[in-house]
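**Student:** here's my sequence, what's the structure:
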Amino acid sequence: MKGLVLCLLGLGAIASAAFAGTEYSGKEMKQVAPPPCPEWYADNEFNVSLWGTYVFTGNNWQNDRYIEADHAWGGGIDLKYFFHRYFGVGIEGWAVDARQARQNIFVDFSDGIFENSVTHESNAIGAVLGTLTLRYPFHCSRFSPYIFGGGGAIFGGGQKRIDERFTEPGEGFDVIQTVGHTDSETKALGQVGGGLEIRLTPHIGWVSDFSWNFVDGSNNNFGMARTGVNFAF
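**Tutor:** As a prediction, this is how the structure comes out:
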């Protein structure tokens with residue numbers, strides 16, 4: 001009798017362990033969906049960027065016909081609206097302080113005098129452009145490379161030397177002398193470039209890019225490097 005009771009108790013213990021094991025196994029099989037990764041760039045997003053800029057001419061200042069300086073420093077702002085995250089249209093404005101070189105000549109043919117001097121004058125040169133930007137935010141990433149292009153107008157440069165001929169008594173029109181420079185000119189401007197944005201938060205990012213700019217012929221082209229902060233709304 002005792003043997004039968006012990007046998008039944010043993011079978012009960014084995015069955016309990018088996019059922020407990022089945023329940024534990026069922027808990028192990030339950031799957032929990034992972035939380036979605038954060039998206040740092042939104043669809044239908046309005047951006048405001050503030051940046052500092054460095055401009056350098058494609059030629060030496062003696063050959064440049066618009067900025068008339070080797071380089072200049074300044075800053076700017078651009079406003080963009082992105083459609084479905086990837087395509088943006090906007091407007092951009094910037095200004096730099098250019099230390100322009102002014103070349104002056106004095107030539108006296110009868111006396112064999114040929115003088116060439118250079119003075120410097122600081123002037124503000126700026127531009128306003130409409131832009132198109134294509135960006136590609138990496139999924140679940142803070143990084144977004146982009147390319148852009150635009151067109152508009154540049155103003156503040158393009159001054160030209162004014163030379164006049166003078167008469168010396170008994171020698172005729174044998175003197176040529178620089179008497180001044182023309183006012184600045186407004187020219188058409190084209191721009192292409194590319195860069196990278198790094199989002200610090202979904203609404204604040206750091207942008208850095210480079211563009212090449214075209215102004216009325218190859219003698220006026222210049223490069224522009226920019227870096228600054230972007231606010232996204």
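**Student:** mind listing what Gln191 touches?
**Tutor:** Neighbour list for Gln191: 129, 131, 148-152, 211-214, 224 [criterion: CB atoms under 8 Å, 6 or more residues apart in numbering]. In short, each C-beta sits where N, CA and C put it, glycine included.
**Student:** if we go to 10 Å?
**Tutor:** Gln191 makes contacts with 92, 127, 129, 131, 148-152, 154, 211-215, 224, as judged by CB atoms under 10 Å, 6 or more residues apart in numbering.
**Student:** same question for Ile67.
**Tutor:** Per CB under 10 Å, 6+ apart, neighbours of Ile67: 55-59, 61, 96, 98, 100-101, 123, 125, 154, 156-158, 213, 215, 220-222.
**Student:** now Phe106
**Tutor:** Phe106 neighbours (CB under 10 Å, 6+ apart): 113-117, 163, 175-178.
**Student:** and the nearest residue to Pro202 once chain neighbours are set aside, what's its pLDDT?
**Tutor:** Spatially, and ignoring its direct neighbours in sequence, Pro202 is nearest to Trp40 (5.4 Å; CB to CB, 6 or more residues apart in numbering). On the pLDDT scale, Trp40 is placed at 95.
**Student:** not counting sequence-adjacent ones, nearest residue to the residue minimising distance to the centre of the chain?
**Tutor:** The structure's the chain has its C-alpha centroid closest to Asp209; by CA atoms, centre = their mean the separation is 3.6 Å. Computed as CB to CB, 6+ apart, the closest residue to Asp209 that is not its neighbour in sequence is Gly195, at 2.3 Å.
**Student:** confirm that that neighbour sits in a strand.
**Tutor:** Yes. According to DSSP: H, G, I helix; E, B strand; the rest coil, Gly195 belongs to a strand.
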